[in-house]
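Peer 1: Need coordinates for the following:
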Amino acid sequence: MNRHEKPSGGEARLQYLDGEYRVLRPGLFVICAVTALPIPLEDLRYWSVDLQEPYASPDAVMRRMLQCDGLTTPD
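Peer 2: You can find the predicted model right below:
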């Protein structure tokens, strides 16, 4: 986000790139694609460029990878 844009209080819309993201619609958070938990943008560390979706944790990344491979996670 450029420094002249002020985030709205809602959900941001991002384009996920390699090592960074581009803000398409300013906001304060995104929703984890696996857990549906809100992720404040300042805490966003994990996402998929190919799937264009954010993840709340490394565990969420692994769960999505297993789903994409047709596997299931242990309960």
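Peer 1: quick one: the residue nearest the centre of the chain from Arg45, how far?
Peer 2: Using CA atoms, centre = their mean, the residue of the chain that lies closest to the mean C-alpha position is Pro54, 1.6 Å off. Applying CB to CB, to the nearest Å, one obtains 9 Å for the distance of Pro54 from Arg45. C-beta: built from backbone N, CA, C; applies to glycine.
Peer 1: And the helices in the chain?
Peer 2: Under the criterion DSSP state H, the chain carries helices at the ranges 58-68.
Peer 1: quick one: low-confidence ranges for the chain?
Peer 2: For the chain, the stretches with pLDDT under 70 are 1-8, 71-75.
Peer 1: So which residues of it form strands?
Peer 2: 13-17, 20-25, 29-31, 38-40, 46-48, 53-55 (DSSP state E).
Peer 1: Would you reformat these as JSON lines and include distance to Gly70?
Peer 2: As requested, the strands of the chain are arranged in JSON lines below (distance: least, CB to CB, whole Å):
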{"stretch": "strand 13-17", "distance to Gly70": "23"}
{"stretch": "strand 20-25", "distance to Gly70": "28"}
{"stretch": "strand 29-31", "distance to Gly70": "24"}
{"stretch": "strand 38-40", "distance to Gly70": "26"}
{"stretch": "strand 46-48", "distance to Gly70": "17"}
{"stretch": "strand 53-55", "distance to Gly70": "18"}
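Peer 1: Need the winner for burial among those strands.
Peer 2: Per residue and on average, the most neighbours among the strands of the chain fall to strand 53-55, with a mean of 22 (mean count of other CB atoms under 10 Å).
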